[in-house]
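Novice: pasting the structure only:
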């Protein structure tokens, strides 16, 4: 199994594998002891009720490590436990869009207005005044958060309060607050409301985390000629083998849904009413940016398809070029994503600029979710990782950086 290790400042400080070193062959299988110990420590400290890891390297079978329970008083976690993955939905939506590019039904450089006429003429909010945009919004802009859109969760974005007031809060299952419009009753209505909003920047000029992947869901639905959720089911979940991934939990699976917990200072309390999850019902407007639920087993298979260039179980589910393009840098020239990284189809990609900040090797890609979930693929070491846990807000614990460090230290120990 190839692994790149070199004793430079990054590997000393972060325990990370460096991309610039020559590959070598592992002497023995990786035990993932430090990764497992980290997960166990979170459970034993009662920071989370449970945690599930799915790790695969090279051609080895996926290794599952499970700790704790679905709830503090619930059954043990396993690879079929269902978790709210929130923004880990985005890479799935991004890959779905790439399948339509493969089919010839979408182009990355295609104006969104060609597919959704309401987005053909756009306004930009500049110094409190709306003016007409001079650049079109492209499909690639949606996949890379460069469309000039905002998010109700981004308090530093001038559009946040406009979105909240208009009920544009995709992926948020909570009831509307006082003064907010009711949530859209369909993806089409979501798109219609969003088209009425101004942009905060010209499309293609600035990276800003946004509802872009939710709008991509409507683009996919329109270009495919079928409901967004149906396209995901037929072209991804059924073909890859992801039986427990979807936008709601049907009655026969409800006993496998984990509890989400809210962390406030020293307290950890349920974030939903026990036995009354909003995810028991199908959403009116499925959120391509944050609405899916999944399992560690399902997401491990999604990771595997991307790592193996569209293949799984000896079957091809997408062209190799499609899988590779999904995690290539799709940002407009001159635009950088968060922390200097590149960005693919709904997922961050480690660049030469961002690796100095302690991330994984150049070309690694992945994303995380608001309830603590995390996924990444590292092509240099042929490494895939999916972590499932459940707590909000995600910044309450540093588990994302700690897990990366633990995984790469386990890799180094096995060299």
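Specialist: Yep, it's here. The structure presented is a predicted model; accordingly, all values stated were derived computationally and were not measured.
Novice: thought residue 244 was touching residue 292?
Specialist: No. Judged on C-beta atoms under 8 Å, residue 244 makes no contact with residue 292 at a distance of 10.5 Å. C-beta coordinates here come from the backbone N, C-alpha and C atoms, glycine included.
Novice: Could you check which of the two has the larger neighbour count?
Specialist: When residue 244 and residue 292 are compared for neighbours, residue 292 comes out ahead with 31 against 21, by other C-beta atoms under 10 Å.
Novice: Can you tell me the closest non-neighbouring residue to that one?
Specialist: If the residues on either side of it in the chain are set aside, residue 292 comes closest to residue 89, at 4.1 Å by C-beta to C-beta, 6 or more residues apart in numbering.
Novice: And residue 382, by the same measure?
Specialist: Nearest residue to residue 382, sequence neighbours excluded (C-beta to C-beta, 6+ apart): residue 58, at 4.9 Å.
Novice: Over to residue 199?
Specialist: In space, residue 199 is closest to residue 148, 3.3 Å off (C-beta to C-beta, 6+ apart).
Novice: again with residue 64
Specialist: Closest residue to residue 64 apart from its sequence neighbours, by C-beta to C-beta, 6+ apart: residue 79 at 4.9 Å.
Novice: Isn't the one you found up against residue 301?
Specialist: No. Using C-beta under 8 Å, residue 79 is not in contact with residue 301, being 10.6 Å away.
Novice: out of those two, which sits in the more crowded spot?
Specialist: For residue 79 and residue 301, the more surrounded residue by other C-beta under 10 Å is residue 301, and the numbers stand at 24 against 19.
Novice: Can you name every helix or strand that the strand or helix carrying that one contacts?
Specialist: Element membership for residue 301 (DSSP states H and E) is helix 296-307. If contacts are counted by 3 or more C-beta pairs under 8 Å, 6 or more residues apart in numbering; DSSP states H and E, helix 296-307 sits against strand 50-57, strand 63-68, helix 89-103, helix 238-240, strand 311-312, helix 320-326, strand 374-378, strand 383-388.
Novice: pLDDT of it, averaged?
Specialist: The average of the pLDDT scores along helix 296-307 is 98.
Novice: what bits of this structure have low per-residue confidence?
Specialist: Residues of the chain meeting the criterion pLDDT under 70: 1-28, 155, 356-359.
Novice: State the distance from the residue most central in space within it to residue 221.
Specialist: Closest residue to the average C-alpha location of the chain: residue 88 at 2.3 Å, with C-alpha atoms, centre = their mean. Residue 88 is 20 Å from residue 221, where distance means C-beta to C-beta, to the nearest Å.
Novice: distance of residue 42 from residue 49?
Specialist: The gap separating residue 42 from residue 49 is 10 Å, by C-beta to C-beta.
Novice: So these two - more neighbours on which side?
Specialist: Using other C-beta under 10 Å as the criterion, residue 42 and residue 49 rank with residue 49 on top: 25 against 22.
Novice: That one and residue 70 touch, don't they?
Specialist: Yes. With contact defined as C-beta under 8 Å, residue 49 reaches residue 70; the gap is 6.8 Å.
Novice: quick one: common contacting residues for the two?
Specialist: Common contacts of residue 49 and residue 70 (C-beta atoms under 8 Å, 6 or more residues apart in numbering): 258, 259.
Novice: returning to what we had before: would a markdown table of the helices and strands packed on helix 296-307 with mean neighbour count and distance to residue 365 be doable?
Specialist: Formatted as a markdown table, these follow (neighbours: other C-beta atoms under 10 Å; distance: least, C-beta to C-beta, whole Å):
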| stretch | mean neighbour count | distance to residue 365 |
| --- | --- | --- |
| strand 50-57 | 26 | 15 |
| strand 63-68 | 20 | 21 |
| helix 89-103 | 24 | 8 |
| helix 238-240 | 16 | 17 |
| strand 311-312 | 16 | 18 |
| helix 320-326 | 18 | 8 |
| strand 374-378 | 25 | 6 |
| strand 383-388 | 28 | 11 |
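Novice: what separates the helix holding residue 301 from the chain centre, distance-wise?
Specialist: 13 Å (C-alpha atoms, centre = their mean, to the nearest Å).
Novice: what do you get for stretch 150-165?
Specialist: Chain-centre distance of stretch 150-165: 20 Å, with C-alpha atoms, centre = their mean.
Novice: Just the buried positions in it, please.
Specialist: Within stretch 150-165, the residues scored as buried using 16 or more other C-beta atoms under 10 Å are 150, 151, 152, 153, 154, 157, 159, 160, 162, 163, 164.
Novice: Show me the chain divided up by domain.
Specialist: 2-88+227-317+348-362+369-413, 95-224 (automatic domain parsing).
Novice: Save these as a markdown table, and put in distance to residue 335 too.
Specialist: Shown next, in a markdown table, are the domains of the chain (distance: least, C-beta to C-beta, whole Å):
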| stretch | distance to residue 335 |
| --- | --- |
| domain 2-88+227-317+348-362+369-413 | 12 |
| domain 95-224 | 6 |
